[in-house]
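In: Quick one: sequence plus predicted model below, questions after.
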Amino acid sequence: MISVKEIVGNVHQDEFLSEQRDSHEKKGTLETVCISSEESNRSRLRKKTNKDTDLGIIIDRPSGLHDGDVLVYNKNQMIVIEFEQQRTLVLDFSTVESNYDQMLAAVEFGHYIGNKHWDLQRNEEKIYIPAVEKEQRQIEQVVEESPDGVSITTKTIDSEMFNTNKKHSHKDTNHQK
């Protein structure tokens, strides 16, 4: 097992490492380890690469692990993190009327999603929610609870979208500005 205690860098942010990734890929010495957004927040993780190299990842960094992070780099081997793909519900609010009743419905919908403890990300007028195992039932629940006019589709995306690396707590009850 290879013990990883620090990140070398990131192939998406470092041109040299990006070039080295391409070089290792051509030589057949590039390995990838696929992680989920939940795993990216863990400080200790045991995984196998696509070539069965056993890794013990022990990294305590607040920002977590990211797609493209280089765990191992030398002339004979390079190991890079890839995020797994995630089935996602996409809710498009662009056609929802902007009125008081719809605003209340949106607040109630947000409360519903929060009570389910589903992750949620927003990008302009779209909301993304990771699909759960019982996806059809989840879709039915979202259709039932969402404001009128919301269109709902599914899409497979890179799960790093949900890697916020923010710890959520209910300890602070004073949410004033």
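Out: Yep, that arrived. What you see is a predicted model; the values in this text were computed from it and never measured.
In: Kindly list the longest helix within the chain.
Out: Criterion DSSP state H: the longest helix present in the chain is helix 100-116.
In: tell me what the next helix or strand after that one is packed against?
Out: Sequence order places strand 121-123 as the next helix or strand after helix 100-116, per DSSP states H and E. Here strand 121-123 touches strand 126-130, going by 3 or more Cβ pairs under 8 Å, 6 or more residues apart in numbering; DSSP states H and E. Bear in mind the C-beta positions are built from the backbone N, C-alpha and C, glycine included.
In: Can you point out the buried residues in the strand it packs on?
Out: Residues 126-130 are the ones in strand 126-130 that count as buried (16 or more other Cβ atoms under 10 Å).
In: so can I have JSON lines of those showing distance to D60 and pLDDT?
Out: Formatted as JSON lines, the buried residues of strand 126-130 follow (distance: Cβ to Cβ, whole Å; pLDDT from 0 to 100):
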{"residue": "K126", "distance to D60": "34", "pLDDT": "92"}
{"residue": "I127", "distance to D60": "32", "pLDDT": "90"}
{"residue": "Y128", "distance to D60": "28", "pLDDT": "91"}
{"residue": "I129", "distance to D60": "29", "pLDDT": "90"}
{"residue": "P130", "distance to D60": "25", "pLDDT": "86"}
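In: closest to G28 among these?
Out: Distance to G28 across the buried residues of strand 126-130 (Cβ to Cβ) is lowest for P130, with 33.7 Å.
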